[in-house]
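> Only the shape, not the letters, is given here:
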C-alpha cells in the first residue's frame, strides 16, 4: 500500500507501463476528443500570453473553462490509465492554469481600481 501521493503515482505509472497504457497516454489521436482543436487552443493561449494580451486571454479563457469543448471532459479519458489521462489534456489543463495565473498577475493600469465596486 502506498503511503504518500508520490509513492501512489510511482506505482500507478509502473502499472500503466506494464499494461501499455503509458503509450495510450502519449498518443494524441483518439476518438474521444478533438486533439487538433485542443492543440490549437493550447497554441492560442500561449500566443496570447506571449503577446501579453490580457483582454483576449480573459475572453478566450472565459469561453472555454467549465465547458466540455472538444471532448475534454469525456469520461473515457479519465477512467483508463491509473496515472492520468492523455498527456495532451494534461498539457491543456496546465496551460489554462498558467493563463489564469498570468491574468491574475497582470499589472493594473494606472487610474484603474484593481477591485471594481
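Right, received. Where do you want to start? This is a predicted model, so every value here is computed, not measured.

> Only C-alpha atoms from now on, for both contacts and neighbour counts.
OK.

> my guess is residue 2 contacts residue 8, does it?
Yes. The criterion here is CA atoms under 8 Å, and residue 2 meets it with residue 8 at 5.1 Å.

> Can you pick out the residue with more neighbours from the two?
residue 8 (15 against 10; other CA atoms under 10 Å).

> which outside residues touch the host helix or strand of the more buried one?
Per DSSP states H and E, residue 8 falls inside helix 5-19. When contacts are defined by CA atoms under 8 Å, 6 or more residues apart in numbering, helix 5-19 is touched by residues 2, 22, 23, 81, 82, 83.

> And those, which is closest to residue 74?
residue 81 (13.7 Å; CA to CA).

> got the contact list for the closest one?
16, 21, 22, 25.

> just these now: which is nearest residue 96?
residue 25 (19.4 Å).

> Helix, strand, or coil at that closest one?
helix (DSSP: H, G, I helix; E, B strand; the rest coil).

> wait, doesn't it sit right on residue 86?
Yes. In terms of CA under 8 Å, residue 25 counts as a neighbour of residue 86; the distance is 4.2 Å.
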